[in-house]
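Chemist: I would like to see how this sequence folds:
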Amino acid sequence: MVQRFLWHAQDLKEDRLNSFFISALVDMRASLILQDEEGSYLCVTSLPDCWTVDRNSTPGDTSIFGPEIAAQLSESRRRAQRTGNTDQIEVRLAEDRIFEFRVLSVLPRVGDVQMITTIIDRTEDRRREKVLQQLLREVSHRSKNLLAIIQSIATQTSQHADSIEAYVQKFRGRIFSLSRSQDLITDSGWRGAYIRELLEQQVGSYVNGNIELVRFEGVNTLLSPNAAMHLGLAFHELVINTITHGTILKTNDTINVQCSLKTEDGVKRLQVVWNEPIARDRYFLEDRLTTPKSRFGRAILERVVPISVNGAATYSITDTGIKYTLNFPVDIDESLRAVPASGQSAGKRNRSS
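Modeler: Just a heads-up that it's a prediction; the model follows:
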C-alpha cells in the first residue's frame, strides 16, 4: 500500500495539495508521468530537454523515448505491478547523460491513475561518483607507494645504523621529510609540488631560520607526486649532510641549486644540480665518504631516488665542493614557472608567480 500523508490540516483537502507536489517535483528537476490501467498517458511534466512531446498527438513511451527505452519501461512496469514495489531502471544516452526511471504501481488506484513514473537526471551524481572512485583508487595507489618507500627506508636505515638511538634519529628525519613533501602534494590537490617550495620546505626544517643559505636558480617546475616525494628525500639527505659535516653554517657560503630543462630524443628532462662549497681545512671529508651513517644517504642519492624517477644521478666530493646532479624525464605544460636568472634564496617565494 502507498503510504498516505502523515498529517495535514483537517480543512485542507488532499486534492488541493496535488499542484504543490507537482511544483516540488519540478523544483527537484524530476519529471513525472501518470498512466492509467491500460498504460495510456494521463499527464507528463518537465521532461528533460533530450526528449520532447508532440502536442498534436497523444504521447506514449515509444513516441517520446524510442523503442529500446520503451521496452525497458514496459518490463519495469510489469515488475512493479507484480511486486507492488517501486522498480528502478537507469538509462544512459549516447551523449553520456544518465537518467533514473522510478516506476510505482498505485494500489489502490487513485482516480484513473494506475502507474506513476518519475525521471531524475543522475548525470552529475554519476560523474561525482566516478571522480570519487578515481580519487579513492589514486589514494590507495599512492598510499601503497608511500608505505613501500617507508618500508625501504626503515630496512635500509637499520642496516646502516650504529645504534638504536642513531636508527631512530635517522628514521624519524626521513619520515618527517616524506610528511613535509606529502603536505605540499596534498595542498596542490594531488597534482604534485613545485621544486622551489619543496627545497624551501626541506631546508627550512633544519637550519633554524637561516634558509637563505640555499640559492635557487632556473625553472620552478611542478613535479609529479612521485618525483616530489623522492626529490624531497634527496634534498633532505643533502641538507642533513651539510649540517652534520659541512662548513656552510660557519663560513656563510651559499649552496646553489640550479634547475634546467632540456629535450633528449623528444623527451623533456629536468636537471637538478646541487652545488655546495666546502672549506677543506674544516671539512671531515673522509667521514663523509666512509662512515656507516653516510652510506644510506649516498644510496638514496645515487640509487633510490634516480631509479624511482626513471632518471640518473651523480654525487661527487672534491677539495672545493660537493656536487649532486639528478636528471629525469618530466611532463611539462602550463606548470612551468621561471625564476629570475640572478637567482633567489630558497626561503623567499617569488610573489609574482
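Chemist: please enumerate the helices of the stretch 251-353 of the chain.
Modeler: Using DSSP state H, counting those that start in this stretch, the helices found in the stretch 251-353 of the chain span residues 285-290, 292-299, 305-308.
Chemist: what of the stretch 1-150 of the chain?
Modeler: Using DSSP H, counting those that start in this stretch, the helices of the stretch 1-150 of the chain run over residues 18-27, 61-65, 67-83, 123-159.
Chemist: for those helices, which one ends up most surrounded?
Modeler: Highest mean neighbour count of the helices of the stretch 1-150 of the chain: helix 61-65, a mean of 18 (counted as mean count of other C-beta atoms under 10 Å). C-beta here means a position set from N, CA and C on the backbone, and glycine is covered the same way.
Chemist: what residues does that one touch?
Modeler: Val44, Leu47, Trp51, Thr52, Val53, Asp54, Ser57, Ile69, Ala70, Leu73, Ser74 (C-beta atoms under 8 Å, 6 or more residues apart in numbering).
Chemist: re the thing from before, nearest to Thr117, out of the helices of the stretch 1-150 of the chain?
Modeler: Between Thr117 and the helices of the stretch 1-150 of the chain, the tightest spacing by C-beta to C-beta is seen for helix 67-83, at 7.1 Å.
Chemist: which helices and strands sit right next to the closest one?
Modeler: helix 61-65, strand 87-92, strand 98-110, strand 113-121 (3 or more C-beta pairs under 8 Å, 6 or more residues apart in numbering; DSSP states H and E).
Chemist: pLDDT on the first one, on average?
Modeler: What that stands for is helix 61-65. Averaged over helix 61-65, pLDDT sits at 92.
Chemist: try stretch 238-251
Modeler: Averaged across stretch 238-251, pLDDT comes to 78.
Chemist: might one say that Gly84 is in contact with Ser105?
Modeler: Yes - the pair Gly84 and Ser105 qualifies as a contact (C-beta atoms under 8 Å) at a distance of 6.5 Å.
Chemist: who's more crowded, the two?
Modeler: Between Gly84 and Ser105, counting by other C-beta atoms under 10 Å, Ser105 is the more crowded of the two (20 against 11).
Chemist: tell me what that one is bridged to.
Modeler: Beta-bridge partners for Ser105, by DSSP bridges, are Met115.
Chemist: Asn256 against Glu217, yeah?
Modeler: Yes - counting by C-beta under 8 Å, Asn256 does reach Glu217; the two are 6.6 Å apart.
Chemist: take the helices of the stretch 1-150 of the chain and lay them out in a markdown table including distance to Pro225.
Modeler: Below are these laid out as a markdown table (distance: least, C-beta to C-beta, whole Å):
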| stretch | distance to Pro225 |
| --- | --- |
| helix 18-27 | 42 |
| helix 61-65 | 45 |
| helix 67-83 | 43 |
| helix 123-159 | 6 |
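Chemist: those: which one's closest to Asn226?
Modeler: Among the helices of the stretch 1-150 of the chain, helix 123-159 sits nearest to Asn226 (C-beta to C-beta), with 6.8 Å.
Chemist: present the helices and strands packed on helix 67-83 as a markdown table; the columns should include distance to Thr314.
Modeler: A markdown table is the format used below for these (distance: least, C-beta to C-beta, whole Å):
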| stretch | distance to Thr314 |
| --- | --- |
| helix 61-65 | 67 |
| strand 87-92 | 54 |
| strand 98-110 | 54 |
| strand 113-121 | 58 |
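Chemist: nearest to Asp319, of these?
Modeler: Of the helices and strands packed on helix 67-83, nearest to Asp319 by C-beta to C-beta is strand 98-110, at 68.9 Å.
Chemist: pLDDT averaged over the closest one, what's the number?
Modeler: Strand 98-110 shows a mean pLDDT of 81.
Chemist: cool, stretch 194-205 as well?
Modeler: pLDDT averaged over stretch 194-205 gives 88.
Chemist: for stretch 184-191, same thing?
Modeler: 84.
Chemist: okay, now the unreliable bits of the stretch 51-200 of the chain?
Modeler: Counting by pLDDT under 70, the ranges of the stretch 51-200 of the chain that qualify are 107-113, 156-157, 159-161.
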